[in-house]
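>>> This is a predicted model, with the sequence first.
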Amino acid sequence: MASTSKVDLSGEDDDEQLERFDDFTLASSWERFISEIEAVCRQWLADGPKNLLEKGAVQLDFSQKLYKVKLELKYAMKSYNMEYYFETSSGGKIADENSTLHDLQLCFGVKDFLVIAPQSASGVVLDSPEACKLLSAVAIALTNCSSLWPAFVPVHDPSRKAYIGIQNMGTVFTRRFEADRIGSQVPVRLMHLEGLYELFLSKFAYSTLDFAMHLYKVHFTMTSTYRTIHHDDDDLQSLGIEKEEYDDNHGSETHNRSQWDEDCPWSEWYSAEDPVKGLELTATWSEKTVESSLEMAELENASPHEAEKWMILPYLSTNLDSSEGNRTGFASQLRLLVDALNMSFDAQFMEDFVSVENPGSDNLKSLMIVPPPSVLDRVFKDLFHEGSQVAALAKGEHKISRAIKGAPFGSLFAQFCLHALWVGTCNIRAIAVLWIEFIREVRWCWEESQPLPKMQANGSIDLSTCLINQKLQMLAICIEKKCEMNEDFQDCVGSNEHTHDDMEEDSPVRDKTTNKQKHGDEFDGIRDRPLTEDGLHGSGMTTSRPSMKHGDTLSTDLKSSDHYRRGSAGAVGSMKLLKSYQSLHAPFTQDAPIMTEDMHEERLQAVEAFGNSFSFSAQLEKDILSSDMSAFKAANPDAVFEDFIRWHSPGDWENGDNEESRPSKTPATKGLKDDWPPYGRLSQTDKPLLDHFREGEKILHYLETLRPHQLLEQMVCTAFRVSADTLNQTSFGGLKQMTTKMEQLYRTMASTLKPLQANRVSGNSETIEDLRRLCVIFEHVEKLLALAASLHRKFLQAPRLSETIFSDYYNFYLPRMGTASTGSLKVDEKEFDIKYQVMTRERQIVSNMFSPPTANQSWRKVLSMGNLLNGHEPIVREIIFSVRDSLRNNHYAAHNPGGFQREIETYRMYICGTSNDLRVALSVTSCD
């Protein structure tokens, strides 16, 4: 038979063509079929892996190192596919635990191999003679090529995954392969290691009697894989057990099972799916020599902790790397809020979205769900009645969070926005209903003088927040002022009926900045009392004061209204009044008028309109100075204008001799003396700097007439900010990649939300698309954060594993994040399948994750296999038996003079399965 029929003879001499003349005129079709296989194999051998990759070899989905090339052949009116599987790594068998092996590599321990199968629906050869003839043709062709590739042919039913194969060993030896599978009703004897050991011995022992008579040295290695049980909330229903019956027997353990994220910050709003569904633990026993069945029985009772190596594979939720956006979380609700913003430009007022007179209300009613009254009651109970104390606003905020102009975390409007995300479907109509009810509750707090919950009623207005939060903070201050006035009125009425005997001593005051006290702090409870003999406040007695320094005395006519001290915060050190030589008292001054952002803008516009900004600013400050003068005069009845300058503006007082000390002629003091003496402190003519009644009504009017798109713009900014702040409170063990990703998220939000802060948004604009892309980015970060939190909780005592797993998954997931396109991302659909070795000190921590199964979880299972791990039997067990013979003193040694020293594996059996599924693959080396 000729060696080939498809050799390129171009470029060779005519003599060489005559020498390589191939005559197939008398060859049979089977010989021509062998010749075609041989030509193809020679070509593949000549190309090698590198050239085959360049010619279009296909990488297998489940392996990073295994490739294949395919060619179609025809024989006897039938078509066959011949596939050559090869690895890119050089030499040796695969040792990388993370490299997924081909089924035939696992079964027979081969590396590169051929598979020839018919082009049919089943893809197997059902006829036994045809399979043998096909395999013989491939074997002859490979022998002609001097190739050592093993060749396999699939046979029998496809579900059995049965193969037959052959390999030329390069000597007089030949290996034959055979694999088959039992899909059900595995014999009890084959469920145990002892029975499997005897099955292997039966392949080369003459009879079962030899098992006890001879000590065969069998090499044994085993790998057992365990998987944690996923707790399903519907376990009892799926098993058909009545709830009452189960509770009677086992209590309510299952029904009271807590969620994995119950202590996570987002659990108040939603329960996230655990991204880590469980673990797969692979315990590998090192190779050992077994000589009897008793040793196998002992090995079956061995604990997995005795295994040489532990490898874990976290199996993750399919929704974790899905780009379809079907996960429930802050990102999904923010996407709905952006859609509501896009619709908010269709109306002038929020009431238009719920009004029956609106022409488009019928369409809104049919498409958008309004929360029922019970939901509204629950929301406003949380906002206004439960936990109404002021939250620690700085807690949980990221350092870049203030760059986003929204309400701070924990404030009233921030909580309103979070509730709005989860009410109904977060549609514009549901938000309108919620906003209208919110304003009603705020107005009730104003009219009933009730403190506004979750808002600070002191301090200055935080202009870095959104305008609605500024208005609510100012309203809280107005309500506080209103309450103080009501209390002062009640106290004044009560003071006419009761006598106070307490005395108040002069207390030093450090500087002027401490004099302007908040009304809600130190002014509360201080009353106007006549001056007593020792300069303290009292009531009921009026006595004369002793002589003072320099011979000046205090007038004994204490009935004069000028000698009643009012609103004193205490003496200012050793300072004395210039004329009366009494201690100079610091007054309780009114606070500077607080203003929100829009009020500052109105003031600036007024300054620009007047032109002379200085004179206008001085006019605006006149009321403040007049109020301070009135307060100072009330606290120091005998004071003169010079005393006020010394206290109010020490830098404008020129010190010298007593005769020459005088106020300096500066703009700050120019014209003030014309207004001296001012009216007394707290007199009926003393005008407050802040008219809290008017400002409160103006704030409510602003909230009630706010345009929908202006409301939604501030809601979107606040919702993104507080959602990120909520996630930022998650404990994930300080993973660097996660910390960096959170900081990048804040910076991206700050830049994307800027147009909303400047009111430069319109319906269906480019900004709306930017916001939707931001939602995609937010979802990616939210998924990674959930994974980091889950890993941190599960591997709290083994941080090395959590950090390594997250780092690898982060690099695996990073291409899926892309550029945050709103559409689905086309990325590699390969699953995350990296295995990690468990150190000895970490084994107990991993073992504790395999909690003993309950009766509900294992009632259908009969533990028929050994090597249990906390009551869990292996989900799959892989065993390799082998027998090796030395070629020394062997009758085949003369044929192999260079290799008589080495051993050859004569029998090898690979067993894989469980108590319900068993697969056996046998390879036998013989001399044929």
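Looks like it came in fine. Computed from a prediction, not measured in an experiment: that's the story for all the values here. Numbering: from 1, shown residues only.

>>> what residue lies at the spatial centre of the chain?
Residue closest to the average C-alpha location in the chain (Cα atoms, centre = their mean): Leu785, at 1.8 Å.

>>> how far away is that residue from Leu604?
42 Å (Cβ to Cβ, to the nearest Å). To be clear about C-beta, it is placed using only N, CA and C from the backbone, and glycine gets the same treatment.

>>> swap in Arg402?
Distance of Arg402 to Leu604, computed by Cβ to Cβ: 23 Å.

>>> Same check on Leu625?
Going from Leu625 to Leu604 by Cβ to Cβ gives 21 Å.

>>> More neighbours: which of these two?
Leu625 (18 against 11; other Cβ atoms under 10 Å).

>>> Give me the secondary structure label for the more buried one.
helix (DSSP: H, G, I helix; E, B strand; the rest coil).

>>> check contacts around Phe806.
735, 737-738, 787-788, 791 (Cβ atoms under 8 Å, 6 or more residues apart in numbering).

>>> Could I get these in a markdown table, plus columns for distance to Ile911, secondary structure and neighbour count?
Output for the contacts of Phe806, formatted as a markdown table (distance: Cβ to Cβ, whole Å; DSSP: H, G, I helix; E, B strand; the rest coil; neighbours: other Cβ atoms under 10 Å):
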| residue | distance to Ile911 | secondary structure | neighbour count |
| --- | --- | --- | --- |
| Leu735 | 41 | coil | 22 |
| Gln737 | 42 | helix | 16 |
| Met738 | 43 | helix | 22 |
| Leu787 | 36 | helix | 26 |
| Ala788 | 40 | helix | 27 |
| Leu791 | 34 | helix | 24 |
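
>>> which one of these is nearest Leu190?
Leu791 (38.8 Å; Cβ to Cβ).

>>> Could you verify my assumption that that closest one touches Ser802?
Yes: contact criterion Cβ atoms under 8 Å: Leu791 and Ser802 qualify, at 4.1 Å.

>>> what residues do the two have in common as contacts?
Common neighbours of Leu791 and Ser802 (Cβ under 8 Å, 6+ apart) are Gly733.

>>> Tell me which stretches of the stretch 601-750 of the chain form strands.
Assigned by DSSP state E, counting those that start in this stretch, the strands in the stretch 601-750 of the chain fall at 653-654, 662-663.

>>> Those: lowest mean pLDDT?
Here the strands of the stretch 601-750 of the chain differ in mean pLDDT, and the lowest is strand 662-663 at a mean of 55.

>>> quick one, helices of the stretch 601-750 of the chain?
613-635, 641-648, 692-704, 708-728, 736-752 (DSSP state H, counting those that start in this stretch).

>>> and Ser146, which of those helices is closest to it?
It is, among the helices of the stretch 601-750 of the chain and with distance given as Cβ to Cβ, helix 736-752, at 52.1 Å.

>>> Give me the buried positions along the closest one.
Buried residues in helix 736-752, counted by 16 or more other Cβ atoms under 10 Å: 737-738, 741-742, 745-746, 748-750, 752.

>>> and if you look at stretch 841-852?
Buried residues in stretch 841-852 (16+ other Cβ under 10 Å): 842-843, 845-847, 850.

>>> Just those: which are in helices?
Per DSSP state H, helices hold the following members of those: 843, 845-847.

>>> coming back round to it: I figured the residue nearest to the centre of the chain hits Ser731, correct?
No: assessed by Cβ under 8 Å, Leu785 is found out of contact with Ser731, at 10.6 Å.
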